[in-house]
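[1] No sequence on hand, only this structure:
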């Protein structure tokens, strides 16, 4: 199967990640990649949303290079793909067959391959990967009847790459008479200066005042809990009003904060938060805002309850 990879110029590096349901398959694929002489940057095993998001973030940062791609695995291959696709320049596809992989590369220039740990054996995954890595963009594929694309469709596919790259950016080009707001919620906040719910954190809303480095005002309702999570960049916060507790899980530390209190959390430190009152605080990140969950909400609530008891 290694020969399939040699039919096109392979990427210099594949960034990999998985949740516990895809960990074994990911490890098998890492071995296969290395046997092909492909460099591997393995982000390890975490929740499916963190695994997908972390690989997506790193591929996004290198999306200008076709020689850096991603491979993610979870139980179905769907969750990791969804979260990888939240980053600009990332085109992740869940592939259960060789045909899926060839179509995804030919039509969408897919740069992150998502595999199912529950449905795909290591042997099948190797075949899928080799087909994926060996298929150039716009090449004949099952969807084209294994024939070259027509000039009309070929032109459409070329245009689609530049159009896809604009998703999440300003959409003013959609209407010269009635410009639309940015489709990215975070970009909208920066443009409109409005509080918008933080969907990933129930009870929270945020108004970004400045981007990269980011400054924002954040509000949480009393009783809200932020599940353990981490950020790419360190951040400073000052409580404007209210009361909150922050557990730095990475350092086994706790900080109880009230109005006027300050806290710095280093980049990558996993932390969990409980809001005892309606709370508002000012926060700055050393870079662009991002967030990666390390546990779900119910797990966070149980951990806080156990500490209280």
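    That came in fine, so what should we check first? Given the structure is predicted, the values throughout are model-derived calculations rather than measurements.
[2] Low-confidence ranges, the stretch 1-150 of the chain, go.
    Residues of the stretch 1-150 of the chain that meet the criterion pLDDT under 70 lie in 1-11.
[3] Please read the previous query as pertaining to the stretch 151-300 of the chain.
    Checking the stretch 151-300 of the chain against pLDDT under 70 turns up 165-193.
[4] Helices along that one, start to end?
    151-165, 185-192, 297-308 (DSSP state H, counting those that start in this stretch).
[5] Can you list the buried residues in the last one?
    Spelled out, that is helix 297-308. Across helix 297-308, burial judged by 16 or more other Cβ atoms under 10 Å covers 300, 303, 304. For the C-beta atoms, the positions are set from N, CA and C on the backbone; glycine is no exception.
[6] again with the first one
    When burial is assessed from 16+ other Cβ under 10 Å, helix 151-165 yields the following buried residues: residue 157.
[7] Run the chain-centre distance for that helix.
    24 Å (Cα atoms, centre = their mean, to the nearest Å).
[8] Can you name every helix or strand that that helix contacts?
    For helix 151-165, the helices and strands in contact under the criterion 3 or more Cβ pairs under 8 Å, 6 or more residues apart in numbering; DSSP states H and E are helix 98-108.
[9] So which bits of the helix it packs on are buried?
    Neighbour-count burial for helix 98-108, counted by 16+ other Cβ under 10 Å, picks out 98, 100, 101, 102, 103, 104, 105, 106, 107, 108.
[10] How about residue 148, nearest residue that isn't a chain neighbour?
    Closest residue to residue 148 apart from its sequence neighbours, by Cβ to Cβ, 6 or more residues apart in numbering: residue 140 at 5.5 Å.
[11] Spit out the contact partners of the one you found.
    106, 146, 147, 148, 149 (Cβ atoms under 8 Å, 6 or more residues apart in numbering).
[12] I'd like to know how far the fourth one sits from residue 101.
    In other words, residue 148. 19 Å (Cβ to Cβ, to the nearest Å).
[13] do the last one as well
    With distances defined as Cβ to Cβ, the gap from residue 149 to residue 101 amounts to 17 Å.
[14] Over to residue 279?
    Residue 279 is 47 Å from residue 101, by Cβ to Cβ.
[15] before we move on, what about residue 109?
    Residue 109 is 13 Å from residue 101, by Cβ to Cβ.
[16] what's across from residue 262 in the sheet?
    residue 238 (DSSP bridges).
[17] burial measure for it, as a count.
    Around residue 262 there are 12 other residues, counting by other Cβ atoms under 10 Å.
[18] dump the residue contacts of it.
    By Cβ under 8 Å, 6+ apart, the neighbours of residue 262 are 236, 237, 238, 239.
[19] Which of the residues you listed are buried? Put it as a PyMOL command.
    To isolate the buried members of the contacts of residue 262 in PyMOL, using 16+ other Cβ under 10 Å:
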select buried, resi 237+239
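[20] now the contacts of residue 262 as TSV including distance to residue 59?
    Shown next, in TSV, are these (distance: Cβ to Cβ, whole Å):
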residue	distance to residue 59
236	29
237	30
238	34
239	36
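[21] Angles on the backbone of residue 135, please.
    Dihedral angles of residue 135 (phi, psi; degrees, to the nearest 10) stand at phi -110, psi 120.
[22] Give me the nearest residue to it, chain neighbours excluded.
    In space, residue 135 is closest to residue 105, 3.9 Å off (Cβ to Cβ, 6+ apart).
[23] Next, the contact list for that neighbour, please.
    For residue 105, counting by Cβ under 8 Å, 6+ apart, the contacting residues are 132, 135, 136, 137, 139, 141.
[24] out of these, which are buried?
    For the contacts of residue 105, buried by 16+ other Cβ under 10 Å: 132, 135, 137, 139, 141.
[25] Tell me the one of those nearest residue 247?
    Using Cβ to Cβ, residue 132 is the member of these that lies nearest residue 247, at 41.1 Å.
[26] so which helix or strand takes in the closest one?
    helix 122-133 (DSSP states H and E).
[27] what residue lies at the spatial centre of this protein?
    Central residue of the chain (Cα atoms, centre = their mean): residue 53, 2.1 Å from the mean position.
[28] Would you check that that one makes contact with residue 232?
    No. In this structure residue 53 lies outside contact range of residue 232 using Cβ atoms under 8 Å: 10.4 Å.
[29] Out of the buried residues of helix 98-108, which is nearest to residue 31?
    residue 101 (19.0 Å).
[30] With adjacent residues omitted, what lies nearest to the closest one?
    residue 132 (3.8 Å).
[31] Check the gap between that neighbour and residue 69 for me.
    For residue 132, the distance to residue 69 - Cβ to Cβ - is 9 Å.
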